[in-house]
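Asker: Let me see the structure of the following:
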Amino acid sequence: MSVPRPAVSRRPASPRRLAAVLVFLAVQSTAVASLGTPLLPTVQHVERVSLAASQWTLTITLLAGAVATPLMGRLGDGRLRRLTTVAAVAVMLAGCVLSAIPAGFPAFLTGRALQGAGLGLVPLATAVARDDLPTERSRSAIVLIGVTTAAGIGIGYPLVGLLAQLLGLYAPFWFAAGLSALALVAALAALPPSPARPARVDTAGAVLLGAGIAGLLLVLTQGPDWGWASAATLAGALVSAALLAAWAAWELRARHPLIEPRLLGRQAVLAANLTAFGIAIGFYPLASLTVRFAQTPPSAGYGLGAPVVVAAAMLTPFSLASFAATRLAARAARRTSAELVVAGSCVLLIASMVLFLVARDSYLGLVVIMAACGLGVGSAYAVNPLQITGGVPAAETGSAISFYQLVRTVAYAIASALSATVLVLSTPAGQPFPADAGYSAAALVSIAVLVATLAVSILFVMAGKKRA
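Answerer: All right, here's what the predicted structure looks like:
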């Protein structure tokens, strides 16, 4: 008669080290994905491409991340979690190296697309934190991972700007490749074994969702060039809508869905996803608008004529404020509610956009604007993951967070395309720079989106009070 073997604990020997590695993976992936932001004018000049083409260095990374994230999230809920995480870091590393080689704009864009795999690390890191860390450390790690997806946008940008200014466009990507290599070593050393749960992947659902999202983002980014009423744009929109509708119908019937639709209807999960979508569309254009505005020479009638390193430094207050908001937001959510914190975040973000309308003509003004934006985004993104992990079973954490990440990634891509469209439409024929009014128009669009998001968040606050 065989004696049953005792269960082996999956809890890591050093929770502090594991938590640090998980936060580092989230920061690194977000920073790499948004690496093109301070380099947009440099890409436009070095690669000799249009403003719209240079914006693709952001959009293509988001598009690739939107397609890969749900699949990675589902794999992360099962026995392939460790392998999926390590592979994502390796693909991100390969993308950094490819973008660092001066092999032409198509190769540069391909590298940026590969870097999008890193966006799927956020749901994987969240799932590991929930399963493999003690309860209190798990909560704080999940909060930090959520905030890093915003704070990573500005971390290291002054260094990136300095490298680009002194050594050229490709130097920052060699720097990112070095950090990605470090992330790969850290992941291999610190990640615990995967959970024993089977990794059931809904291949049909992944194909339908990926194709639908890719088509939608292609329409949004190419709409200005094709014409919004053109046959190509309308056909692309219809096909994308049909694919996404087919995906939703399939997921409701699938035995092992890519994303469990019924969980998405739970109030806390629904609140997190809806408000995150609006917040992402509302705040995301501000980073690229600030960088472009700061680097525009005064001869254009506006702008500060800042070198790339100074323009990049304008984004650092965003990251610092995002981290500063973490503990305040988590504490406020415990005393009041996550929904009320998100509503307050919307107010801060609206204020930052109003400031961009009236106070963007100085370095001090841009610093205050980005700091206010960072406080708003950091507060919302600190509590959103807690809403989701508190509303779904542990076995669905990776999938649910991957959908949340997908929602934000799609919103980022929409915002990137939308802000680029506004600037392109406001650029006089034959002129290299948009009119100053184009920046104001882009800010007004963001304000409208954020006001609508504030209204939605207030509805959830009221619903929470009724439920209580």
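
Asker: what's next to stretch 36-50, contact-wise?
Answerer: Stretch 36-50 has contacts (C-beta atoms under 8 Å, 6 or more residues apart in numbering) with 51, 53-55, 57-58, 61, 104-105, 108, 112, 153, 157, 160-161, 164, 168-169, 172, 287-288, 291-292, 295, 308, 311-312, 315. C-beta: built from backbone N, CA, C; applies to glycine.

Asker: Give me the buried entries from these.
Answerer: 51, 53-55, 57-58, 61, 105, 108, 112, 153, 157, 160-161, 164, 169, 172, 287-288, 291-292, 295, 308, 311-312, 315 (16 or more other C-beta atoms under 10 Å).

Asker: which ones among those residues are found in helices?
Answerer: 51, 53-55, 57-58, 61, 105, 108, 112, 157, 160-161, 164, 172, 287-288, 291-292, 295, 308, 311-312 (DSSP state H).

Asker: Counting neighbours, what do you get for L270?
Answerer: 17 (other C-beta atoms under 10 Å).

Asker: Kindly report the domain assignment for the protein.
Answerer: In terms of domains, the chain is parsed into 15-193+258-467, 202-257 (source: automatic domain parsing).

Asker: other SSEs contacting the one helix or strand L182 maps to?
Answerer: Here L182, judged by DSSP states H and E, is contained in helix 171-190. For helix 171-190, the elements it packs on are helix 15-33, helix 81-100, helix 157-167, judged by 3 or more C-beta pairs under 8 Å, 6 or more residues apart in numbering; DSSP states H and E.

Asker: List the buried residues for the following helix or strand past it?
Answerer: Under the assignment DSSP H and E, the closest C-terminal helix or strand after helix 171-190 is helix 203-226. Of all the residues in helix 203-226, those buried under the rule 16+ other C-beta under 10 Å are 205-224, 226.

Asker: Ok, stretch 169-187 next?
Answerer: 169-173, 175-177, 179-180, 183-184, 186-187.

Asker: I figured G111 was touching V97, is that so?
Answerer: Yes: contact criterion C-beta atoms under 8 Å: G111 and V97 qualify, at 7.3 Å.

Asker: So between those two, which is more surrounded?
Answerer: Between G111 and V97, counted using other C-beta under 10 Å, the more crowded position is G111 (24 against 16).

Asker: Quick check: the more buried one vs I101, distance?
Answerer: 8 Å (C-beta to C-beta, to the nearest Å).

Asker: Please apply the same query to A313.
Answerer: Noted for A313: a distance of 27 Å to I101, by C-beta to C-beta.

Asker: what's the answer for S399, then?
Answerer: 36 Å.

Asker: and if you look at P158?
Answerer: Counting by C-beta to C-beta, the gap from P158 to I101 is 24 Å.

Asker: Those two: which has the busier surroundings?
Answerer: Taking other C-beta under 10 Å, P158 and I101 do not tie; P158 has more neighbours (19 against 13).

Asker: tell me the contacts of the more buried one?
Answerer: V309, A312, A313, T316 are the contacts of P158 under C-beta under 8 Å, 6+ apart.

Asker: mind listing what the residue nearest to the second one when sequence neighbours are not counted touches?
Answerer: If I follow you right, that is A312. Residue nearest to A312 in three dimensions, not counting chain neighbours: G161, with 3.2 Å by C-beta to C-beta, 6 or more residues apart in numbering. For G161, the contacting residues are P38, P307, V308, V309, V310, A311, A312, A313, by C-beta under 8 Å, 6+ apart.

Asker: with those in mind, which one is nearest to R255?
Answerer: Nearest to R255 out of the contacts of G161 is P38 (C-beta to C-beta; 45.9 Å).

Asker: Could you state which residue of the chain sits nearest its centroid?
Answerer: Nearest to the geometric centre of the chain sits T409, at 5.0 Å (C-alpha atoms, centre = their mean).

Asker: correct me, but that one touches A64?
Answerer: No: in this structure, T409 is not within contact of A64 by C-beta under 8 Å, at 9.4 Å.

Asker: Please enumerate the shared neighbours of these two.
Answerer: With C-beta under 8 Å, 6+ apart as the test, T409 and A64 both reach L119.

Asker: Low-confidence stretches in the stretch 151-300 of the chain?
Answerer: 151-157, 199, 224 (pLDDT under 70).

Asker: Next, the buried residues of stretch 133-146.
Answerer: Those buried within stretch 133-146 under the rule 16+ other C-beta under 10 Å are L133, S138, R139, S140, A141, I142, V143, L144, I145, G146.

Asker: Kindly apply the preceding question to stretch 441-459 instead.
Answerer: So stretch 441-459, judged by 16+ other C-beta under 10 Å, has buried residues 441-443, 445-447, 449-451, 453-454, 456-457.

Asker: how distant is that stretch from the center of its chain?
Answerer: In terms of C-alpha atoms, centre = their mean, to the nearest Å, the centre of stretch 441-459 is found 19 Å from the chain centre.

Asker: who's in contact with it?
Answerer: 271, 274-275, 278-279, 281-283, 285-286, 289, 339, 342-343, 346-347, 349-350, 353-354, 356-357, 415, 418-419, 422-423, 426.

Asker: Tabulate the CA atom coordinates of it in PDB.
Answerer: Only the C-alpha atoms of stretch 441-459 are listed here, as PDB (Å, rounded to 0.1, in the frame of the first residue of the first chain):
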ATOM      1  CA  ALA A 441      -9.100  70.300 -29.600                       C
ATOM      2  CA  ALA A 442      -7.500  67.100 -28.500                       C
ATOM      3  CA  ALA A 443      -7.800  68.200 -24.800                       C
ATOM      4  CA  LEU A 444     -11.500  69.100 -25.300                       C
ATOM      5  CA  VAL A 445     -12.100  65.600 -26.700                       C
ATOM      6  CA  SER A 446     -10.400  64.100 -23.600                       C
ATOM      7  CA  ILE A 447     -12.400  66.300 -21.300                       C
ATOM      8  CA  ALA A 448     -15.700  65.100 -22.900                       C
ATOM      9  CA  VAL A 449     -14.700  61.500 -22.400                       C
ATOM     10  CA  LEU A 450     -13.600  62.000 -18.800                       C
ATOM     11  CA  VAL A 451     -16.900  63.900 -17.900                       C
ATOM     12  CA  ALA A 452     -18.800  60.900 -19.300                       C
ATOM     13  CA  THR A 453     -16.700  58.500 -17.300                       C
ATOM     14  CA  LEU A 454     -17.300  60.600 -14.100                       C
ATOM     15  CA  ALA A 455     -21.000  60.300 -14.700                       C
ATOM     16  CA  VAL A 456     -20.700  56.500 -15.000                       C
ATOM     17  CA  SER A 457     -18.500  56.300 -11.900                       C
ATOM     18  CA  ILE A 458     -21.100  58.300  -9.900                       C
ATOM     19  CA  LEU A 459     -23.800  55.800 -11.000                       C
END
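
Asker: Good, we can wrap up now.
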